[in-house]
Each structure stands twice: as structure tokens, then as C-alpha cells.
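A.B. asks: Task: produce atomic coordinates for the following.
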Amino acid sequence: MWGWDKNYVRVLRGKLERDKKGRIPIFWLAVWLFREKSWPENTTGNQLVEALLKEFHITQEEQNEIFQMPLQGEIPKSVFGDEPYSDDKLLEIEEPAPDATPEEGGTLRFLELRGVGPCRLLNFNPAERLTIITGDNGLGKTFLLECAWWSLTGHWAENPAYPRLDAGRSDPSITLEIAGKKRKPERKTIKYDWDTHTWHAPKGRPTIPGLIVYARVDGSFAVWDPIRHSIETNANRPTDKPGLFLFTRNQVLRGLEGSIEGLLRDWVKWQHSPDNSVFETFRVVLSKLSPPEMKSLEPAEPIRLPYEAREIPTLSHTYGIVPFTQESAGIKRAATIAYLLVWAWNEHKVFASLAKRPPQQKMVILIDEMEAHLHPKWQRTVLPALLDVAGMLSRQVEPQMIIATHSPLVLASVESRFSDESDKLFHLELSPDGHVKFAELPFVRHGSINAWLTSEIFALRQARSPEGEEAIEKAKKLMDMKVTKPDEIVAVHKLLAKALADDDEFWPRWGYFAERRGVKL
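C.D. replies: Numbers count the residues shown, from 1 in each chain. This is a model prediction of the structure:
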């Protein structure tokens with residue numbers, strides 16, 4: 001009713017979102033309102049503004065109180081682009097309205113940890129597709145993944161991060177940025193609340209992340225579904241973690257009432273279902289993640305075992321059929337990752353259908369210690385296989401994958417797949433002064449595993465045992481000396497003979513040196 005009030009200009013003025021000038025930029029309003037109208041090519045920006053004033057009967061009082069009139073030089077000379085402005089294009093440069101529905105399908109764009117964790121200050125800009133985090137034990141790889149999970153979901157997978165002991169009251173903070181396809185990303189800084197010893201979850205996010213699956217190093221998993229989050233939040237269900245699932249290793253295997261049936265039951269149910277589409281997807285993903293030089297992991301018929309009240313799924317190997325509960329740790333981990341990815345995606349599609357909404361296109365996959373329980377041969381194939389898995393779930397799925405690893409084999413495995421445009425490599429290391437440093441490194445294709453071991457990522461002086469490395473370093477030091485005693489050469493030779501293989505590439509160089517110094521070995 002206020003629109004018909006005599007003082008409507010003053011009322012409207014008070015309702016405007018206050019920016020620096022407190023006015024609506026009339027030129028850009030004209031661009032937006034007239035974006036579909038046909039205009040002569042020689043139309044100027046001033047003519048657009050005049051058309052708006054005339055068509056909407058904008059009074060002088062309205063101009064003065066409501067609109068920001070352009071100043072000299074503010075209107076661009078060329079007002080026409082290749083295509084009309086769209087919602088997506090506009091949201092790239094302008095913030096959405098305060099009451100706008102949050103965009104879904106975001107990924108982690110930026111994370112800053114200040115006064116918390118091993119680093120005093122850590123800035124993390126994950127890549128669009130693949131991000132690899134390396135570093136020695138205890139420097140913060142798992143911690144970074146835990147903080148990435150919290151930034152995306154607002155909930156800790158287990159224990160919350162605690163500020164550094166040397167942090168002041170105003171220091172500890174986590175700054176995050178979740179980016180979607182349409183809206184301009186917004187950074188939010190969350191300060192640690194010393195009074196309650198908590199991190200308050202971010203509120204009013206303009207962008208909600210897509211489907212998230214987090215494979216933790218202890219075998220537990222965490223899953224977050226934006227559609228279930230929306231349904232459970234709007235339905236006021238009695239849960240403080242809408243859309244969030246935290247599963248122990250045993251719960252993933254045997255189920256959790258009200259949340260997940262579990263691998264053992266779902267596997268058999270999918271396998272016996274008249275609609276075998278989910279099982280077929282699981283079978284293909286499982287085959288893709290299979291260990292090399294071994295028959296692909298192929299599901300066989302379920303069987304009953306003593307002391308088990310349910311049928312147990314089985315896998316066919318070159319040497320026979322093995323019940324899943326009797327499988328090796330490596331096969332269990334690969335199969336569990338395959339199951340959780342298929343389960344999360346299938347549940348997401350089911351709830352999307354119930355909500356009459358399309359499934360998400362963005363999926364974030366976090367994996368800690370990618371190489372856990374895997375033979376070196378398997379470490380060389382698992383990450384490239386995982387990069388292909390998302391496409392097996394759906395052609396529309398665009399994954400953002402963030403993995404932590406200690407393995408040079410995992411890094412070598414993606415040399416032919418790594419793209420500087422969509423992938424990044426980050427490294428944690430301990431500086432000589434005792435501080436943990438975190439930095440993005442260029443991805444260098446080293447070729448051999450030995451070259452990876454001696455690269456700045458793993459920083460071994462020699463790709464050998466510690467004894468072999470020490471013996472060679474002593475030999476090199478001796479070789480650099482102008483004068484050496486025969487007994488010194490013999491003593492070092494004994495160390496080399498004990499630590500090096502008979503065909504080690506260092507022997508010709510050492511033999512030549514000893515011969516030049518007149519020592520017969």
C-alpha cells in the first residue's frame with residue numbers, strides 16, 4: 001500500500017539497500033530493463049537513460065532521491081555487447097539480493113587459516129578439478145582436509161580445530177570462499193569464540209556446496225547432500241546436522257539405522273534388484289578401481305557364512321571367489337570408496353526426484369592418504385582411475401577432487417593427466433627455523449620414481465636406504481678431497497659394500513676414483 005502513499009518516494013528511499021552512494025545506478029538499470037529490446041547500433045548510453053526516464057515517467061524528485069545519475073565519463077562509449085545481459089552474467093559482477101535463494105553446487109575456492117593449525121598463516125586456493133597436497137607426517141595434510149570439510153559443510157567430521165597455543169584472542173580465524181557458476185563468490189571470516197570455545201558455522205551463505213564425499217584415513221566417511229540439507233531444513237526435522245552423514249568404518253560396512261543400509265546389505269540388494277542400473281554403475285566403478293595385473297574385481301553371487309544373519313557379497317578373483325568380509329585391507333578400501341560414491345550419488349538422485357529438482361552437477365571428493373593399504377602397482381593407477389569415476393556416475397557430474405598423499409607413485413601416476421589449467425600441487429614442509437610452510441609448487445614431470453623421491457617434494461638426498469645414502473654421502477665427501485689415505489677409502493668401501501646392490505650405478509664412479517688414488521678394492 002505504501003506505493004500509493006503521497007510520501008512513497010521517502011518510503012522507497014528508506015527501503016533501498018544502502019551502498020556508498022545510497023542510490024540505484026540508473027544507467028545499469030536501463031541496461032538491464034532494455035536488454036531484450038532492439039536498438040540502433042549508434043544508440044548512446046545517455047539515450048538509454050533518457051528512454052528509461054520517459055518510459056517510466058521518472059519525476060525530478062525520484063531522480064534526486066532514488067537514482068544515481070551518471071556523471072561525465074561514467075557511461076561507457078560502447079553500450080552493446082555480443083549478447084544480452086543474463087542473470088548469470090550479472091551475478092558475476094553484482095551481489096544477489098539479500099533475500100535471494102542461495103545458489104547450489106558450489107566448490108571450495110579459497111581457505112585461509114590464521115592462528116590455527118601447524119602454520120601460523122595458511123592460504124589455500126584449491127584447483128577446479130584436482131588438488132594434490134603433499135608433505136611429511138605431522139605437518140597438517142589431514143588437518144587441512146578437515147578444515148576444508150568444515151568450510152564446505154559448517155560441521156566438523158570429528159574434533160574441531162583448536163587455536164595455536166601462541167595465538168592471541170583476536171588471532172584465530174578461518175576465512176572461506178565457496179564459489180558456484182553464477183554468483184560472485186563471497187568470502188566469510190569466522191572468528192574463534194573463546195567464550196564458548198567453538199567455531200560458529202557460517203550463516204547466510206550465497207552459495208551452497210554440491211554433493212561432498214570425504215574418505216578419511218581411519219576408514220570412516222563423511223557425506224553431505226545439498227538437496228537433503230534443503231529438505232530437512234525446510235521440514236524442520238529434529239536434527240542439528242541437516243543433509244550431513246558421518247559414518248564409522250563399521251557403519252559403512254553394516255549400516256546405521258535411519259541413515260544407510262551399509263555396503264553388505266546394499267550390495268546384495270542392488271545385485272538382486274530387477275532394476276540393475278545402480279548395481280551396474282557400482283560394478284563398473286569397482287572394476288575401474290581394481291588393482292592392476294589382477295583380474296578386475298567382479299561381483300560374484302552372495303553367500304551365507306557362519307555367524308552371519310545376512311547374505312555376504314563376494315568378489316571373483318583369478319584364484320577363486322572370496323567373501324567381502326574376508327578381503328584384504330586394500331581391496332576393502334577401494335570397494336568402500338566405490339560404494340560410498342555410488343551410494344551418495346544414488347541417494348542424491350532419489351531425493352532430487354522427490355523434490356522435483358535436477359541433480360547437482362558439482363561434486364567435491366576429499367580423500368586422505370590416497371595410497372593407504374595399496375601395493376605400489378596399485379598406487380600407480382588408483383588416482384587416474386578415480387578421475388574417471390565421476391563420469392561413470394553421470395556425464396553431467398563435474399568433480400573437484402582434493403587428495404592428500406605421501407606417495408611418489410601417486411604423483412607419478414598423474415604426469416600424463418595433470419593440467420596446469422585445472423589442477424594444482426601444494427606442499428607442506430618444515431623450514432630450518434622450525435616453522436611449517438605451505439606453498440603451491442609447479443607440477444614437474446620427473447619421469448622415474450627415483451627422481452620424484454629426490455625432488456623438492458620428498459627431498460631425499462638419495463633414493464636408497466638411510467645407510468646407503470649415508471655411505472654415498474661419505475664417499476662423495478672423500479672424492480672431493482685433494483688428499484686421501486688408503487685406509488679411509490677402504491673404510492668407506494666397506495660401508496658401500498654393505499649398503500649398495502652389486503649393480504648399483506654408483507660403483508663405476510667409485511671404482512674409478514679408488515683406482516686413481518692407487519687403492520685396489
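
A.B. asks: contacting residues for residue 178?
C.D. replies: Shown in contact with residue 178 (CB atoms under 8 Å, 6 or more residues apart in numbering): 106-109, 151-152, 185, 205, 207-209. For glycine as for every other residue, the C-beta is placed from the backbone atoms N, C-alpha and C.

A.B. asks: In three-state terms, label it for me.
C.D. replies: strand (DSSP: H, G, I helix; E, B strand; the rest coil).

A.B. asks: Leaving aside the residues adjacent along the chain, what's closest to it?
C.D. replies: residue 106 (4.0 Å; CB to CB, 6 or more residues apart in numbering).

A.B. asks: Surely the one you found and residue 211 touch.
C.D. replies: No. At 11.0 Å, residue 106 does not count as touching residue 211 under the criterion of CB atoms under 8 Å.

A.B. asks: Find residues that contact each of those two.
C.D. replies: With CB under 8 Å, 6+ apart as the test, residue 106 and residue 211 both reach residue 362.

A.B. asks: which strand residues sit across from residue 106 in the sheet?
C.D. replies: Note on residue 106: beta-bridge partners by DSSP bridges are residue 209.

A.B. asks: From residue 179, how far off is it?
C.D. replies: Remark: distance between residue 106 and residue 179 (CB to CB, to the nearest Å) = 6 Å.

A.B. asks: what is in contact with those two at once?
C.D. replies: Common neighbours of residue 106 and residue 179 (CB under 8 Å, 6+ apart) are residue 207.

A.B. asks: Which of those two has more residues huddled nearby?
C.D. replies: residue 106 (27 against 21; other CB atoms under 10 Å).

A.B. asks: pLDDT score for that one?
C.D. replies: Listed pLDDT for residue 106 reads 86.

A.B. asks: go on, residue 159?
C.D. replies: With respect to pLDDT, residue 159 has a value of 89.

A.B. asks: Over to residue 43?
C.D. replies: 84.

A.B. asks: pretty sure it contacts residue 79?
C.D. replies: Yes. Counting by CB under 8 Å, residue 79 is a contact partner of residue 43 at 6.6 Å.

A.B. asks: So for the protein, the centremost residue is which one?
C.D. replies: For the chain, residue 402 is the residue whose C-alpha lies nearest the centre (CA atoms, centre = their mean; 3.4 Å).

A.B. asks: longest helix in the protein, by residue count?
C.D. replies: As assigned by DSSP state H, the longest helix anywhere in the chain is helix 329-354.

A.B. asks: Go through that one and flag the buried ones.
C.D. replies: Buried residues in helix 329-354, defined by neighbour count with 16 or more other CB atoms under 10 Å: 330-349, 351-352.

A.B. asks: all strands for the stretch 351-500 of the chain, in order.
C.D. replies: 362-367, 398-404, 423-430, 436-441 (DSSP state E, counting those that start in this stretch).

A.B. asks: For residue 15, see how far away the nearest residue to residue 11 once chain neighbours are set aside is.
C.D. replies: Take residue 11 and drop its neighbours on the chain: the residue closest to it by CB to CB, 6+ apart is residue 2, 4.7 Å away. Per CB to CB, residue 2 is found 9 Å from residue 15.

A.B. asks: For those two, indicate the residue with more neighbours.
C.D. replies: Taking other CB under 10 Å, residue 2 and residue 15 do not tie; residue 2 has more neighbours (11 against 8).

A.B. asks: pLDDT weak spots in the stretch 351-500 of the chain?
C.D. replies: The stretch 351-500 of the chain contains no residues with pLDDT under 70.

A.B. asks: the helices in it, which residues?
C.D. replies: Remark: helices assigned in the stretch 351-500 of the chain by DSSP state H, counting those that start in this stretch are 376-379, 382-393, 408-413, 449-453, 466-479, 486-499.

A.B. asks: and for the last one, what are the contacting residues?
C.D. replies: Contacts to helix 486-499, defined as CB under 8 Å, 6+ apart, come from residues 464-465, 467-468, 470-472, 474-475, 478, 506-507, 510, 513-514, 517-519, 521.

A.B. asks: Try it again at 6 Å.
C.D. replies: 467-468, 471, 474-475, 478, 514, 519, 521 (CB atoms under 6 Å, 6 or more residues apart in numbering).

A.B. asks: that older thread, quick one: contacts for the residue nearest to residue 178?
C.D. replies: Taking CB under 6 Å, 6+ apart, one finds 178-180, 207, 209 in contact with residue 106.

A.B. asks: my guess is the residue nearest to the centre of the chain meets residue 365, correct?
C.D. replies: No. Using CB atoms under 6 Å, residue 402 is not in contact with residue 365, being 7.4 Å away.
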